[in-house]
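**Q** With the input below, show me the fold.
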Amino acid sequence: MGCTSGLPGFSRIEAVQDDVITAEVHSALRRDPELKVSDLDVNTYQGIVRLRGFVSSADSVAAAASVARTVNGVKSVRNDLRLK
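**A** Sure, this is the predicted structure:
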């Protein structure tokens, strides 16, 4: 998960918030019937969510990023998803 509290300038509170965001993004992605979350990895650092993994369509790439942006606390989404 996104716990990186050992980094300079990054507080334990921010690390916990990032862990919460990561968990909420995972939950939101699981609720979307069009996405296969078993192939997705979510990490969060200072509110920036990174999506990695493989999906079956370009629509799924866009949908995953869109879903992630709906989660409270997400500042931006770095979408590194690839097509299978």
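**Q** Might you report the residue contacts of the residue nearest the centre of the chain?
**A** Closest to where the C-alpha atoms of the chain average out (Cα atoms, centre = their mean) is residue 42, at 3.8 Å. Going by Cβ atoms under 8 Å, 6 or more residues apart in numbering, residue 42 touches 22, 25, 26, 29, 49, 50, 51, 52, 68. Backbone N, C-alpha and C define where each C-beta goes, glycine included.
**Q** so can I have CSV of those showing secondary structure, distance to residue 11 and neighbour count?
**A** Shown next, in CSV, are the contacts of residue 42 (DSSP: H, G, I helix; E, B strand; the rest coil; distance: Cβ to Cβ, whole Å; neighbours: other Cβ atoms under 10 Å):
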residue, secondary structure, distance to residue 11, neighbour count
22, helix, 17, 22
25, helix, 21, 27
26, helix, 23, 17
29, helix, 27, 19
49, strand, 19, 25
50, strand, 20, 17
51, strand, 24, 21
52, strand, 25, 14
68, helix, 23, 26
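**Q** List just the nearest of these to residue 80.
**A** Among the contacts of residue 42, residue 52 lies closest to residue 80 (Cβ to Cβ), at 4.7 Å.
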